[in-house]
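K.L.:
Just the structure for this:
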Amino acid sequence: MKAPRAIFKPCSAPGKATVEAGIVLLDGPDGVAVAMTVECAEGTAASLREAVALARARAPASASAPAQRPDTDGARQSQP
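P.N.:
Take a look at the predicted model:
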């Protein structure tokens, strides 16, 4: 188990959503995992989109570099 973060630091790696038996599972950084109903996942997605729009509007231009994620063979690629 990792020690808790002493200072808040935003994660730069996106979470991964999957579906199992009709439940949406979100695996995030540091072992965070959340199980949601479809309705809950839809609400969470909408809330995240709204927060992203606000963050982009308020962020300086230099902070809007594209997110990076590993592809299946280990190379890194930009997300749209």
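
K.L.:
Kindly list the main-chain dihedrals of Lys9?
P.N.:
phi -140, psi 120 (degrees, to the nearest 10).

K.L.:
er, Val52 actually
P.N.:
In terms of degrees, to the nearest 10, the main-chain angles of Val52 are phi -60, psi -40.

K.L.:
Give me the below-cutoff pLDDT ranges for this structure.
P.N.:
Of all residues in the chain, those with pLDDT under 70 make up the ranges 1-6, 62-80.

K.L.:
Just give the nearest non-adjacent residue to Gly22, would you?
P.N.:
Leaving aside its sequence neighbours, Gly22 sits nearest to Val38 (C-beta to C-beta, 6 or more residues apart in numbering; 7.2 Å). Just so you know, the C-beta spots here come from the backbone N, C-alpha and C atoms, and that holds for glycine as well.

K.L.:
you'd agree that neighbour is up against Val24?
P.N.:
Yes - counting by C-beta atoms under 8 Å, Val24 is a contact partner of Val38 at 6.4 Å.
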